[in-house]
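>>> Predicted model and sequence follow; I will ask about them next.
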Amino acid sequence: MLTYLKWTFRTVLLLFVAGFLHYTLPQHDIVRITNTYNRLTTVGTENAWAYASPDTGTAESSVSRDIRFIEAVYPDESVIVYRNEDTGWVWPPYFKYDSSNLQAEGTNLKSPKETPRWVSVTHYGWRLPFLSIYPNAVSVHEVASPDVRIIPWVNIIVLTALGLGLFMLRRMWLQFRERMIEPAMAEVGETWDEVEARADAAKASAGGLMSRIAAWFATWRKKG
Amino acid sequence: MIAILRLAVFGFVAMTVTYVTISIYSRSVRREKLEKQFDAGEVEAGDVEMGRDAYIEAGMVAYRHGLRRKLIWLVYIIPTIVVAATVYFVNYQ
């Protein structure tokens, strides 16, 4: 039972971390931009986490605000809609404050089906129609063809750094335990042994005293 | 504007915590290495005469003036460069 609980907990934690990374790390889509526009959008409590926080440049109000969108088509004709908002200075750490420029670049790269211009859109986030959330476009670059392969350097670097960080954290914890906690525990153990020994001695001597008193009383009783 | 100051302040606090913990760790690893070296007899005759405590203390003084300790400053430098690079590549490319 406890093993099941433990593994369930671990799986949930792993899924949570993986989902978090999948949401936050940048991804590249090769698409054809079909439209760019602003739309007055109401942000609810259920999806506010997937929009810019109210104190960033483009998000003047936390309830309803004008948000820039970029509509695009994948080579296989399925569609995707990106939002284009500043990220502000905390999370996710893209430090993006050029949404207006990005919108202009996106508009410039718009192309019809007959003469497509393929664009690599770097973005983070998820498109979930049920929650009305959109991935946030971070940058756009024109590419030669839809088959261009993009090496995700940022992801490679970030994941490597995270792995190294975890490894270091573990090493540091083990070192701390070996050098600080274990000697301290040993010392506590020794002190405790001493205390016990002293208590035993005290008990023995107290017993001696009590029996001496008892013996003293016994001498009285005998006399009585 | 407040947001960027907040990032700077919290970033500085986080980097300082990291710097202090890594310093403690690095010092501890060096001390352990010196202890093990001395105990395994991997030291020169002059060092043995010096005694264990003095040998370790001399090693720690050398560590304090060494390059490895200075490299821990990278904890401040690397994140700052990463943030600056991110700002540049996201907004000015």
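Done, it's in. Treat the numbers as computed from the prediction; the structure is a model and nothing was measured.
>>> C-alpha only now, for contacts and for neighbours.
Noted.
>>> Would you mind checking the average pLDDT for the host helix or strand of A:Ala202?
Using DSSP states H and E, A:Ala202 falls within helix A:182-223. Helix A:182-223 shows a mean pLDDT of 76.
>>> How far away from the center of its chain is it?
57 Å (CA atoms, centre = their mean, to the nearest Å).
>>> ditto for stretch B:24-41
Centroid displacement of stretch B:24-41 relative to its chain, using CA atoms, centre = their mean, is 15 Å.
>>> Give me the buried positions along it.
B:25-29, B:31, B:34-35, B:38 (16 or more other CA atoms under 10 Å in any protein chain shown).
>>> Name the SS class of A:Tyr94, please.
The three-state label given to A:Tyr94 by DSSP: H, G, I helix; E, B strand; the rest coil is coil.
>>> list the contacts for it?
A:87-88, A:138, B:86-87, B:90 (CA atoms under 8 Å, 6 or more residues apart in numbering or on different chains).
>>> For the longest strand along chain A, which helices and strands make contact with it?
Criterion DSSP state E: the longest strand present in chain A is strand A:27-42. On a contact count with 3 or more CA pairs under 8 Å, 6 or more residues apart in numbering or on different chains; DSSP states H and E, strand A:27-42 meets strand A:64-73, helix A:99-108, strand A:119-124.
>>> So what angle separates the directions of the shortest one and strand A:27-42?
This points to strand A:119-124. Here strand A:119-124 points in a direction 70 degrees away from that of strand A:27-42 (axes from the mean of the first three to the mean of the last three CA atoms, to 10 degrees).
>>> Which helix or strand lies directly C-terminal to strand A:119-124?
Next helix or strand after strand A:119-124 toward the C-terminus (DSSP H and E): strand A:136-142.
>>> tell me which residues in that next one are buried?
A:136-140.
>>> hmm, back to that, make TSV out of the contacts of A:Tyr94 and add distance to A:Pro26 and secondary structure.
Formatted as TSV, these follow (distance: CA to CA, whole Å; DSSP: H, G, I helix; E, B strand; the rest coil):
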residue	distance to A:Pro26	secondary structure
A:Thr87	13	coil
A:Gly88	16	coil
A:Val138	8	strand
B:Thr86	12	helix
B:Val87	15	helix
B:Val90	11	helix
